[in-house]
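# no sequence on this one, just coordinates:
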C-alpha cells in the first residue's frame, strides 16, 4: 500500500512524500512505521491513538485506527494535517 504524506511530515520519512509499505491493516501500519520510520510514528501516534492533529483517508474515505479495514497493494492512505486558525 502507499502512504502519502503532506509536506510538513516528509522530513520524518527520509524526505519522501510517498512510502510503499507491505502491510494489510492499520495496526500493522502503525507497527511498520514504528520499526521503519520511528520519528514519523512518534509524530503520527500518541498513546496508541492517532494524534489529534492528523486524519487518515483510505482511498478518499476517512478512517481511524479502530477501523477494521483491509489494506491492499493498490490502497492509498493519505495523511492530512489539521489546520488551525483564529
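It's in. All values derive from a computational prediction rather than experimental measurement.

# give the contact list for the closest residue to residue 42 other than its chain neighbours.
Of all residues not flanking residue 42 in the chain, residue 12 sits nearest, at 7.9 Å (C-beta to C-beta, 6 or more residues apart in numbering). C-beta: built from backbone N, CA, C; applies to glycine. Applying C-beta atoms under 8 Å, 6 or more residues apart in numbering, we find residue 12 in contact with 37, 39-40, 42-43.

# for residue 10, same thing?
Residues in contact with residue 10 (C-beta under 8 Å, 6+ apart) are 16-17.

# That one in helix, strand or coil?
helix (DSSP: H, G, I helix; E, B strand; the rest coil).

# Would you mind measuring from it to residue 4?
Remark: distance between residue 10 and residue 4 (C-beta to C-beta, to the nearest Å) = 10 Å.

# next one: residue 36
For residue 36 relative to residue 4 (C-beta to C-beta), the value is 16 Å.

# what's the least confident helix or strand in the chain, going by average pLDDT?
strand 49-50 (a mean of 90; mean pLDDT, DSSP states H and E).

# Which helix or strand lies directly C-terminal to that strand?
The helix or strand immediately downstream of strand 49-50 is strand 54-58, counting by DSSP states H and E.

# Buried ones in that following strand, by neighbour count?
56, 58 (16 or more other C-beta atoms under 10 Å).

# pLDDT on that strand, on average?
Here strand 54-58 scores 95 as its mean pLDDT.
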